[in-house]
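Novice: Next one to model:
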Amino acid sequence: MRRCVRQPPRPARLPAGPCAWGGPQRKMAADSEPESEVFEITDFTTASEWERFISKIEEVLNDWKLIGISSGKPLEKGVYTTGVWEEKSDEISFADFKFSVTHHYLVQEPGDRDGREEGVEDALPLPMQDLLCMNNDFPPRAHCLVRWYGLREFVVIAPAANNDAVLSESKCNLLLSSVSIALGNTGCQVPLFVQIHQKWRRMYVGECQGPGVRTDFEMVHLRKVPSQYTHLSGLLDVFKSKIGCPLTPLPPVSMAIRLTYVLQDWQQYFWPQQPPDIDALVGGEVGGLEFGKLPFGACEDPISELHLATTWPHLTEGIIVDNDVYSDLDPIQAPQWSVRVRKADNPQCLLGDFLNEFFKLCRRKESTDEILGRSAFEEDGKEVADITHALSKLTEPAPVPIHKLSVTNMVHSAKKKIRKHRGVDESPLNNEVLNTILLFLFPDAADKLAEGFESRASTSSGSNPPPENEDYNLFSQFKSAPSDSLTYKLALCLCMINFYHGGVKGVAHLWQEFVLEMRYRWENNYLIPGLANGPPDLRCCLLHQKLQMLNCCIERKKARDEGKKGNMSDRSPGGSSGDTGKGADHSGDNLKETDKEVGKSWESWSDSEEEFFECLSDTEDLKGNGQENGKKGGTKEGNKEPVNLKPEGRLHPHGKLTLLHPGEPLYIPITQEPAPMTEDLLEEQSEVLAKLGTSAEGAHLRARMQSACLLSDMESFKAANPGCCLEDFVRWYSPRDYIEEEVVDEKGNVVIKGELSARMKIPSNMWVEAWETAKPVPARRQKRLFDDTREAEKVLHYLAVQKPADLARHLLPCIIHAAVLKVKEEEVLENISSVKKIIKQIISHSSKVLRFPNPEDKKLEEIIAQIMSVEAIIARARSLKAKFGVEKCENEEEKEDLQRFVNCLLEQPEVSVLGAGRGPAGSVIHKLFVNAQRISAVPPLDEELRRSGPSDERRLNAGSVSDFPPPTGREIILRTTVPRPAPYSKPLPQRMYSVLTKEDFRLAGAFSADTTFF
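Specialist: Sure, this is the predicted structure:
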């Protein structure tokens, strides 16, 4: 392929000798033979590595469409801060050395970027115009080249690897020459920079070319500052000598100056967040730290520094004096003030610490017994001594005789087991803390009178209708538990115990107590407080569902036991059945009827201890009737049941329907409620059904397993309605499967005729088979659909084997739920718009992560980090409010201005101070610096005592302290427009930026020259 390489426009800058990166030096092949008669051109040119590198730069510039004349509108004030910056990157290589090419640009309106080819030919390139623009000096958040040169668009070529650096002068010159050639070949007017030296030094050199003009970007970076460059007059001398303007009256130099002062001493303001008082925790004396509430706030000041920037944006040379002897730059007189705050790195916050420590529990692997240190090899004598010691501790002071569900009894059982093999001093939780927690979790246990407890126990499991608000319903999004539930309270208590009272050992101890309390309530028919009535709520976490399941078991057992008592009292002389209605709502009725009706029906079928268990019937007569009915019912669909049976288990008449054949009223039977299920049981059941396969036999078996409730209801219906048929049952149970139509009979009368639906007529379908199998057995004599004894023992076993890590996993959604509610509560007091947005993001993110079982640790950590960031923001807001005295301000208008100023400090990188040093915020900032200066000037007490001299002298020395410390940073921008390099050259922009700090000195210059005749 034939290739033509353009010659560079500046031959002096081309490197001589072999390639600096070790590439082979290519030589042109020359034909030494004389010309032949046939005219033929053969190109033996081979591109060098350097030429390939230049070509790759040109390709990238072409791909990014940076070719041609750049044009755009003058930039508005502050657009570098408020606008959107984007970047594009590509990778190129010089031999085997890789470079990254990055295009940084300010996103502009489409009309501003489409006119690259439409600019005036003699106009200066846009980057050169930006050098003189004063609207965006000192942007608070931008690329360093934007701050130093004021550019809106530029390209940077830097070593791709972080540890690579261009150090030698020859390599720097080679890269700069490559940039120059690429710009000349493509006509690109976007500045190209090359990063040299180590990356931490941020050293760049570059070039910008236009028609007949060129700007060189140069830089100086020093550790030690030369004394002549520490003030304005010295920098002006450097700038003028660098320009080398041939004109005798040098055009005026415009200046922009910024001095930055740092305030680090907040000693005069106490941090408002007091550390928690652990000793007062149990008594609830510390606000926000009692059991049931999460703490909030930073333990240290989240604002470490305040940076005040005083700016003189437009000055002309000669207006002010700033040299090594005297300076006119008084910060109080500066026309512009702006403030930024430096936030403390990861401030310690209480809520964040609680969440992190609780999350660490999820990674523990020990069981409860391992944590509590059970051992079977201890000496008997020591055991006895320990028990005696423990009992003496428990009985001081002597407890008064109270009801058996008292806190003392609850504590005693587990405490005795824990201390059996350990000394009393090793117990993770002391009596006082444990009693407080148990009273908080089980408030009904505080009742000392049996009557009082009975009245509360019957209603403690129920809860008022949940408030219809967004915060309360968060539990369904987080799959946690309602904020007024026992599970939610338990999570908060475990979180508090984990942080303040023994860590994982305290958690294991409290959980053991909790499990023992659950068993005690099951065995003694005491409902668990703080749980809603009804079956397990699948919107809640599995642990909450298990507790609800246990409550269902207690309800059934309690109702059954009360039914027996009621029957015994009916049989005894003078007995009363007034208490039998207590178990009415547990009778298994699936219809919404009054308690009175259900209670009456219960009396007729709770009369023996064996009832409602495995027996299908308890009399030979009933067995015979059932068999006879089965034979008759199996002969033909729709056969009526024998009417000589006595109806049993009736709830009440239907009111509208009558039996088709006898014509008697249809009675609604008492039925068993379907067994409540938790989500793990449902999943287990679905797995069993799925394993049956898709064969006909498997499908049949699956249908029979799913029809247990249907069969029970059919048996109850047959017992309540002797002589009924399948059509009667379908009309009550599934009205849509009984189709009625109007027909004209033989006499011409319109009559209604009904028949079963098509799916009910399928031979040997599940409903027909179940009806033929069903016997007229009332619900009280059927096998229980829900074996509460077995299910309760399964729940108690499940609770007992939970490790602290498993428990933390179950309750983590509740803790996150509580943390979000706490953050929302605190945010309302501060009213910060950015925090509102973050809270919405947290809720959305948590809803997606927590609704699935076993979420990833990484995603949980992200949620916790988001909550911690919100806590830190609110803590910063309160810190700034305290420092600026927002609450103490008496003038309402000034108070609003200060509040607005504080909110802006939280959300913006830098905030302008209205009125500079004379505005409300400016005067507060001035006082902060004055107080800090006075404190720093006062010597320590012992030094004060040693110092000799009259008090007037000391007062004079104190009065000489300046209001502000020496500036931490000095930034100066010098601009002018002069012809270079000759007096008749085109006047072009010249700019130099200087920044001086304690450990850093940098000069960044952009010097333009006319290249038309040079």
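Novice: from here on, contacts and neighbour counts on C-alpha atoms
Specialist: Will do.
Novice: Now do stretch 912-931: distance from first to last residue.
Specialist: Using CA to CA, to the nearest Å, the end-to-end distance of stretch 912-931 comes to 22 Å.
Novice: Could you list the low-confidence segments of the stretch 651-800 of the chain?
Specialist: For the stretch 651-800 of the chain, the stretches with pLDDT under 70 are 689, 691-706.
Novice: can you give me the helices for it?
Specialist: 679-691, 696-706, 708-720, 726-733, 766-773, 788-800 (DSSP state H, counting those that start in this stretch).
Novice: Grab the most central residue of this structure for me.
Specialist: Ile863 (2.8 Å; CA atoms, centre = their mean).
Novice: Just name whatever secondary elements the helix or strand that residue falls within is in contact with.
Specialist: Ile863 is part of helix 857-884 when elements are defined by DSSP states H and E. With contacts defined as 3 or more CA pairs under 8 Å, 6 or more residues apart in numbering; DSSP states H and E, helix 857-884 has these neighbours: strand 303-316, helix 350-361, helix 804-830, helix 833-850, helix 892-907, helix 920-937.
Novice: let's go with 7 Å and repeat that
Specialist: helix 833-850, helix 892-907 (3 or more CA pairs under 7 Å, 6 or more residues apart in numbering; DSSP states H and E).
Novice: Which strands or helices does the last one pack on?
Specialist: To tie it back to what came earlier, the one meant is helix 892-907. Under the contact criterion of 3+ CA pairs under 7 Å, 6+ apart, helix 892-907 touches helix 857-884.
Novice: before we move on, what about the longest one?
Specialist: Other elements packing on helix 833-850 under the criterion 3+ CA pairs under 7 Å, 6+ apart are helix 474-478, helix 857-884.
Novice: do you know which of those helices lies nearest Asp737?
Specialist: Closest to Asp737 of the helices and strands packed on helix 833-850, according to CA to CA: helix 474-478, at 35.3 Å.
Novice: so after that closest one, what's the next helix or strand?
Specialist: The C-terminal neighbour of helix 474-478 among helices and strands, as given by DSSP H and E, is helix 486-500.
Novice: so how far is that following helix from its chain's centroid?
Specialist: Centroid separation between helix 486-500 and its chain, computed with CA atoms, centre = their mean, to the nearest Å, is 20 Å.
Novice: For it, buried residues please.
Specialist: 486-499 (16 or more other CA atoms under 10 Å).
Novice: ok, the residues you listed vs Asp345, which is closest?
Specialist: Nearest to Asp345 among these, with distances taken as CA to CA, is Phe499, at 22.6 Å.
Novice: Quick check: the closest one touching Leu355?
Specialist: No: counting by CA atoms under 7 Å, Phe499 stays clear of Leu355, with 9.5 Å between them.
Novice: which residue sits closest to Leu486, ignoring its sequence neighbours?
Specialist: Among residues not flanking Leu486 along the chain, Gly530 sits closest, at 4.7 Å (CA to CA, 6 or more residues apart in numbering).
Novice: Need the three-state assignment for that neighbour.
Specialist: coil (DSSP: H, G, I helix; E, B strand; the rest coil).
Novice: Would you agree it is in contact with Tyr488?
Specialist: No: the criterion here is CA under 7 Å, and Gly530 misses it with Tyr488 at 9.3 Å.
Novice: in the stretch 201-350 of the chain, which ranges drop under the pLDDT threshold?
Specialist: Applying pLDDT under 70 to the stretch 201-350 of the chain flags the ranges 266-291.
Novice: What of the chain?
Specialist: 1-45, 110-122, 266-291, 374-427, 446-470, 563-644, 689, 691-706, 938-961.
Novice: same thing but 50
Specialist: Low-confidence segments of the chain, defined by pLDDT under 50: 1-32, 114-119, 277-289, 375-425, 448-466, 570-643, 941, 944-959.
Novice: what's the longest helix in it?
Specialist: helix 542-571 (DSSP state H).
Novice: what packs against that helix?
Specialist: Helix 542-571 packs on helix 788-800, going by 3+ CA pairs under 7 Å, 6+ apart.
Novice: and the angle for the helix it packs on with helix 804-830?
Specialist: With axes from the mean of the first three to the mean of the last three CA atoms, to 10 degrees defining the directions, helix 788-800 sits at 80 degrees from helix 804-830.
Novice: In helix 788-800, which residues are buried?
Specialist: Asp788, Glu791, Ala792, Val795, Leu796, Leu799, Ala800.
Novice: what residues does it touch?
Specialist: With contacts defined as CA atoms under 7 Å, 6 or more residues apart in numbering, helix 788-800 is touched by Val515, Arg519, Lys546, Leu550, Cys553, Arg556, Lys557.
Novice: repeat for stretch 809-822
Specialist: Applying CA under 7 Å, 6+ apart, the contact partners of stretch 809-822 are 362, 475, 478-481, 488, 491-492, 541-543, 850.
Novice: ranking the helices of the stretch 651-800 of the chain by burial, who's on top?
Specialist: Mean neighbours per residue, mean count of other CA atoms under 10 Å, is largest over the helices of the stretch 651-800 of the chain for helix 708-720, with a mean of 24.
Novice: Give me the angle between that helix and helix 766-773.
Specialist: Going by the same axes, to 10 degrees, helix 708-720 makes 50 degrees with helix 766-773.
Novice: Just the C-alphas of helix 708-720, formatted as CSV.
Specialist: What follows is helix 708-720, C-alpha atoms only, in CSV (Å, rounded to 0.1, in the frame of the first residue of the first chain):
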residue,chain,number,x,y,z
ALA,A,708,-58.6,-33.0,52.1
CYS,A,709,-60.3,-29.8,53.0
LEU,A,710,-63.0,-30.4,50.3
LEU,A,711,-63.7,-33.9,51.7
SER,A,712,-64.0,-32.5,55.2
ASP,A,713,-66.5,-29.9,54.1
MET,A,714,-68.5,-32.5,52.2
GLU,A,715,-68.8,-34.7,55.3
SER,A,716,-69.9,-31.7,57.4
PHE,A,717,-72.5,-30.8,54.8
LYS,A,718,-73.8,-34.4,54.6
ALA,A,719,-74.1,-34.5,58.4
ALA,A,720,-76.0,-31.2,58.5
